[in-house]
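[1] I need the structure of the sequence given here:
(2 chains)
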Amino acid sequence: MHYRASLLCAMKKNVLLWKDNRDAVDSVYFGGGTPSLLDSEELKDLIDSARASLNCGSDCEITIEANPGTVNREYFSAIKDIGVNRVSIGVQSFDDMTLKAIGRIHTSRQAIAAVEDAFSAGIDNVSIDLMAGLPGQTTDEMIRNASTAVSLGVEHVSCYDLTIAEGTVFGKRFEKNELNLPDENALIEARTAIDAILENAGFERYEISNYAKEGYRCRHNLHYWHNEPYIGIGPAAVGRFKDFRYQNAASIDKYIDEISDRKKWHEIAEQMDDYDDAFDSLMLGTRLSEGIDCENVLRGLEPEERERWRGLFAKLTENGFAVLSGGRLMPTKDGWNVQNNWLMDFLKNHDKGLTI
Amino acid sequence: MHSDSGVVLMAEETKKIRNFSIIAHIDHGKSTLADRLLEKTGVLSSREMSEQVLDSMELERERGITIKSKAVKMPYEYNGEEYILNLIDTPGHVDFNYEVSRALAACEGALLVVDATQGVEAQTLANVYLALEDDLEILPVINKIDLASARPEETIREIEDIIGIPASDAPLVSAKTGVGIEELIAAIIERIPPPQDGSDKPLRALIFDSFYDNYRGAICHVRIVDGSVRKGQQIRMMATGAVFEVTEVGVFSPDLHQTDVLYSGEVGYITAAIKTVRDARVGDTITDNEMPASQALPGYKRATPMVFCGIYPADGSQYSDLRDALEKLQLNDASLFFEPETSAALGYGFRCGFLGLLHMEIMQERLEREFDFDLVTTAPSVIYHVYKTDGEMIELANPANLPPVQEIEHMEEPMVKAEIMTPNDYVGSIMEICQQKRGIYVSLDYPEINRAVLTYRLPLNEIIYDFFDALKSRTKGYASLSYELDGYEESDLVKLDFLLNGEMCDALSIIVHKDRAYQRGRSVAEKLKDAIPRQLFEIPIQAAIGGKVIARETVKALRKDVLAKCYGGDITRKKKLLEKQKEGKKRMRQVGSVEVPSEAFMAVLKLD
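    You can find the predicted model right below:
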């Protein structure tokens, strides 16, 4: 069988393996890598198998990630016809110099065209990814990107800061101080302005780096942030089931073999106890403006441990990093800005590490 | 006891022994020369030789200096006779003069290795004087003659002029290429005297080094001066009176090689299941328990620790492990001093005393590498004499323990006499540095064309910070320094404290001269500002004398970290990253509400 066909076949089998294992699935997300490499027939095959085996309703949110320059109006029409109702376009920036600097193959014009093509194909739920803190990026450019998003009429915007990871090309250039990165003040100024522009245009910053118009929050990603179970299909895909997170084999060959074997098709990535689970709820939930339901998160913990967590909630409130209201702990923008740090402090004062 | 004929036989053997060490400046090729001797005498074939066998400590090789003295036995046939050459290795840095002296005490001669491209260095001189004091035969050796820039005639003249020993027939060698090594060995045999035969006297063996072995206990490196020692013999440590039964004797070839007996004049090792390190003190004399010698061998010039600092385990639970490690290091380095102390900021640790700054750094590195500790070290200090109003005098090694000002009548600080040898061009710069460091000019001599010796009287506490670095950088590395303690002098000293977010951090306190306090306070506060990572709140850093703040810096609050995405596949990775960063934070010290990284405690040390 053709390589491509065997992978698709394995993925369909992978879907089947989760049959009967779950409640209703109300979102499907094609992401990671370049899912637009699949033609609409192949995509349809996968969506159909999900609908058939996973109790997928007709109002299911089906998102696909697409990179400008690799998609056109015909593509969007085709995927709309088979049921895709949301696209997330990896724009990153509307500045050609910046795009080149970060090694993107598309131009600003192609990015705009991709958004317009999606709309004209009749997909009305369009999200774009933007990045802040890129090398050489000015505050103005970051702000302009948000304005362009508004003028294009997208319903959803993700705006992340550049993460420099050790060992990557950027990591090495960063160590050599070759990256002309905007400083903390520029990033704060830009973020404040971006918030204002998007909020003015009817968006809400509902997550630490996500903005949506009313009714357009990403249903799929909300499941992650609510610390709910999810199924990962395909090589290297991650899922959460009961009290563990798993990861499928990363090598395509190995993935195909393991799925066909049916004995073992994923590795346990993380076996969680109540403490780990509560920490996930805290870490993920405080990414959301709605925050967490405190008692709900504390439920599985020992009384003594609960007191420690309540201490954290009180301290966060005291420092202006969160507000407590109606039993919910909701982060402020300041609290979002330093979330990593207060999470780390919290972990530091706990003898037991996370089970990872 | 041995038979009479055995003794006579041994007296003949003793005449074939040559015990010697090598004196050389750093980089003048001592280790390479030692390797070449090992190779030429067949102790190691060139194939077996990893480079520089004698410097077996990883740290020594990296720094290119020899820290611990060691010994090796080399048999060699010369004019049809079988000779035994015992090479006892010596360290080459000013901080280790003490160890040099004890190695020299086990020898009859010393090779003075001088780099034909560099000439005689001040440092070498200091060791030569030690050797001359011990009545050793000095055999000059001109090394690196293979280099184009070698100037052997000039070097020979320098040795004769500066040191005052004849050098016209000094062997010319290249340790690197092997040229002249045979002639050198011949000279060693011809010119270094054999040990005096003491085989008819009761056992006296000098411990010149010792190591701790987990299975055999202390391994004493000894020079048998009188008598002999064998397995099963009852021996007594003359200083402590402790008695042991010898479990093994042997020689270094260069690994430990068991033999039946060690005779007068020989160099080797003794093990005797010595479990407590205090019982195998370097410098002690071993004698026979039943027929003890009446008098111990002259001890070494006892080394006085001059530089002190607090050493704390980063993980507080490792306190007793740290004590064990210090005891083991002390076993073969009696100059290392330590006693328990506690700090509000750092918890339980030790105040440790060292011969100098390099000695301190090397000990810290050995603790970290050989014993795998994560350490927090405070800024080095010296011993101050604090005269209190009630007439009591305190010897203060830890600035944090300084009594309140109103109880102090006056204070004295240790002074050193420093000799700096330099090419003429740098005399001006060096005088400038010495002036800055509160030095008092003593003399300026020109023992040779283009070579000056500057003598200054300097406060030791100025030398232990960055004097050596400043000297090296301002003279392109040409100047060399040697110093010795030169009494105490009354001085206007103050304690400089540092407050982090309003809380005094005892581990950062230093004692400085009043005139230097402002400048010091400012620069340390600046260093701390860079060393302390930003936290979720603003951290004021204050330098204060008494209650008076003299400098202030601020570590601004951290306002934003990277807002990354976090979807289904990112969660585990993100938690791993948080755990990793948490471990980094855990290694920091908590001073009140402030997290202080270990390096910050040394910030007070490295100033420009």
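[2] confirm that residue B:251 sits in a strand.
    Yes: when the secondary structure is assigned by DSSP: H, G, I helix; E, B strand; the rest coil, residue B:251 falls within a strand.
[3] and the residue of the stretch 1-150 of chain A found nearest chain B, which of the three is it?
    Closest to chain B within the stretch 1-150 of chain A is residue A:32: 6.7 Å, counting by Cβ to the nearest Cβ. From N, CA and C alone the C-beta is placed, and that goes for glycine too. Of the three states, residue A:32 takes coil according to three-state DSSP.
[4] show me what contacts it?
    A:65, A:234, A:236-237, B:569 (Cβ atoms under 8 Å, 6 or more residues apart in numbering or on different chains).
[5] rerun that using 7 Å as the cut-off
    Each residue near residue A:32 by Cβ atoms under 7 Å, 6 or more residues apart in numbering or on different chains is listed here: residue B:569.
[6] residue A:301 - how many residues pack around it?
    For residue A:301, the tally of surrounding residues (other Cβ atoms under 10 Å in any protein chain shown) stands at 16.
[7] so what's it up against?
    By Cβ under 7 Å, 6+ apart, residue A:301 lies in contact with A:274-275, A:278, A:309.
[8] then residue A:241?
    Taking Cβ under 7 Å, 6+ apart, we find residue A:241 in contact with residue A:229.
[9] what's across from it in the sheet?
    Beta bridges link residue A:241 to residue A:244, judged by DSSP bridges.
[10] how far away is it from residue A:219?
    When distances are taken as Cβ to Cβ, to the nearest Å, residue A:241 and residue A:219 turn out to be 19 Å apart.
[11] on the three-state scheme, residue B:468 is what?
    Following three-state DSSP, we place residue B:468 in the helix state.
[12] near chain A, which residues of chain B show up?
    B:536, B:558-569, B:571-572, B:575-576, B:578-579, B:581-582, B:585-586 (Cβ under 7 Å from any Cβ of the partner chain).
[13] tell me which entries of those lie within helices.
    Counting by DSSP state H, the members of the residues of chain B next to chain A that fall within helices are B:571-572, B:575-576, B:578-579, B:581-582, B:585-586.
[14] what about the closest residue to residue B:589 other than its chain neighbours, neighbour count?
    Of all residues beyond its chain neighbours, the one nearest residue B:589 is residue B:596 (4.8 Å), with distances taken as Cβ to Cβ, 6 or more residues apart in numbering or on different chains. Neighbours of residue B:596 under the rule other Cβ under 10 Å: 25.
[15] equivalent analysis for the one 4 residues further on, please.
    Residue B:600 has 27 neighbouring residues, counting by other Cβ under 10 Å.
[16] hmm, back to that, report the buried members of the residues of chain B next to chain A.
    Among the residues of chain B next to chain A, those that count as buried by neighbour count (16 or more other Cβ atoms under 10 Å in any protein chain shown) are B:558, B:560-561, B:563-569, B:571-572, B:575, B:578, B:581-582, B:585.
[17] hang on, residue A:236 in a strand?
    No: counting by three-state DSSP, one finds residue A:236 to be coil, located in no strand.
[18] pLDDT score for the spatially closest residue to it that is not a sequence neighbour?
    Using Cβ to Cβ, 6+ apart and skipping the chain neighbours, the partner closest in space to residue A:236 is residue A:250 (4.1 Å). At residue A:250 the predicted local confidence, pLDDT, stands at 91.
[19] then residue B:605?
    66.
[20] which residues does residue A:270 bridge with?
    Residue A:270 forms beta bridges with residue A:245, as assigned by DSSP bridges.
[21] with just CA atoms, put the strand or helix carrying residue A:185 into PDB.
    Following DSSP states H and E, one finds residue A:185 within helix A:184-200. C-alpha atoms of helix A:184-200 as PDB (Å, rounded to 0.1, in the frame of the first residue of the first chain):
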ATOM      1  CA  GLU A 184      10.200  43.700  28.400                       C
ATOM      2  CA  ASN A 185       8.900  47.300  28.400                       C
ATOM      3  CA  ALA A 186       8.300  47.100  24.600                       C
ATOM      4  CA  LEU A 187       6.400  43.800  25.000                       C
ATOM      5  CA  ILE A 188       4.300  45.200  27.900                       C
ATOM      6  CA  GLU A 189       3.500  48.300  25.900                       C
ATOM      7  CA  ALA A 190       2.600  46.300  22.800                       C
ATOM      8  CA  ARG A 191       0.400  43.800  24.800                       C
ATOM      9  CA  THR A 192      -1.500  46.600  26.400                       C
ATOM     10  CA  ALA A 193      -2.100  48.300  23.100                       C
ATOM     11  CA  ILE A 194      -3.100  45.000  21.400                       C
ATOM     12  CA  ASP A 195      -5.600  44.300  24.300                       C
ATOM     13  CA  ALA A 196      -7.100  47.800  23.800                       C
ATOM     14  CA  ILE A 197      -7.400  47.500  20.000                       C
ATOM     15  CA  LEU A 198      -8.900  44.100  20.100                       C
ATOM     16  CA  GLU A 199     -11.200  44.800  23.100                       C
ATOM     17  CA  ASN A 200     -12.400  48.000  21.300                       C
END
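[22] elements contacting it?
    Packed against helix A:184-200, as judged by 3 or more Cβ pairs under 7 Å, 6 or more residues apart in numbering or on different chains; DSSP states H and E, are the following elements: strand A:126-132, helix A:139-152, strand A:156-161.
[23] try 8 Å this time
    Packed against helix A:184-200, as judged by 3 or more Cβ pairs under 8 Å, 6 or more residues apart in numbering or on different chains; DSSP states H and E, are the following elements: strand A:126-132, helix A:139-152, strand A:156-161, strand A:203-207, helix A:333-337.
[24] show me the contacts for residue A:275.
    With contact taken as Cβ under 8 Å, 6+ apart, residue A:275 is in contact with A:301, A:305, A:352, A:354.
[25] next, it: secondary structure please.
    Assigned state for residue A:275: helix (three-state reduction, three-state DSSP).
[26] in chain A, which residue is closest to the centre?
    The central residue of chain A, meaning the one whose C-alpha is nearest the mean C-alpha position (Cα atoms, centre = their mean), is residue A:221 at 5.7 Å.
[27] ok, what's across the strand from residue B:388?
    For residue B:388, the beta-bridge assignment (DSSP bridges) gives partners residue B:408.
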